[in-house]
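Colleague: I'll drop the sequence and a predicted model, then ask my questions.
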Amino acid sequence: MVLPGLSPQPRTHLGGIWARSGRARFSSGQYPHLTEIAVEHVLQPGYDYGSEFEFGLDLILDGLERARDAA
């Protein structure tokens, strides 16, 4: 799975990605944590959005199931 507007090819620069994603509309320090996760994790070669999404979804659903069972 690939994020909308991004190809599955590894990225070596951010300029085009940021411009297409709308990031250019924000000041450089407005969302420092989002910028950090994008630069250091999401935009690195080998990042697989599909497996990351599936892991996060499973984590959320497991927590909801435990909360339901405890009620």
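Modeller: Received it, and whenever you're ready, just let me know what you need. Residues are numbered from 1 along each chain as shown.
Colleague: So, low pLDDT: which residues of this protein?
Modeller: Applying pLDDT under 70 to the chain flags the ranges 1-28.
Colleague: One more pass at 90, please.
Modeller: The chain contains residues with pLDDT under 90 at 1-53, 71.
Colleague: And the strands in it, which stretches?
Modeller: Along the chain, counting by DSSP state E, no stretch forms strands.
Colleague: in it, which spans are helices?
Modeller: For the chain, the helices defined by DSSP state H occupy 15-21, 32-37, 49-70.
Colleague: Out of the ones you listed, which one sits most buried?
Modeller: Mean neighbours per residue, mean count of other C-beta atoms under 10 Å, is largest over these for helix 15-21, with a mean of 13. Where C-beta positions appear, they are placed from N, C-alpha and C, glycine not excepted.
Colleague: Using a markdown table, lay out the helices of the chain together with distance to Leu43.
Modeller: Formatted as a markdown table, the helices of the chain follow (distance: least, C-beta to C-beta, whole Å):
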| stretch | distance to Leu43 |
| --- | --- |
| helix 15-21 | 7 |
| helix 32-37 | 9 |
| helix 49-70 | 11 |
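Colleague: Could you report the neighbour count for Leu43?
Modeller: Leu43 has 17 neighbouring residues, counting by other C-beta atoms under 10 Å.
Colleague: same question, Ala38
Modeller: Look at Ala38: counted by other C-beta under 10 Å, it has 18 neighbours.
Colleague: That one and Phe55, how far apart?
Modeller: Plainly put, Ala38 is 18 Å away from Phe55 if you go by C-beta to C-beta, to the nearest Å.
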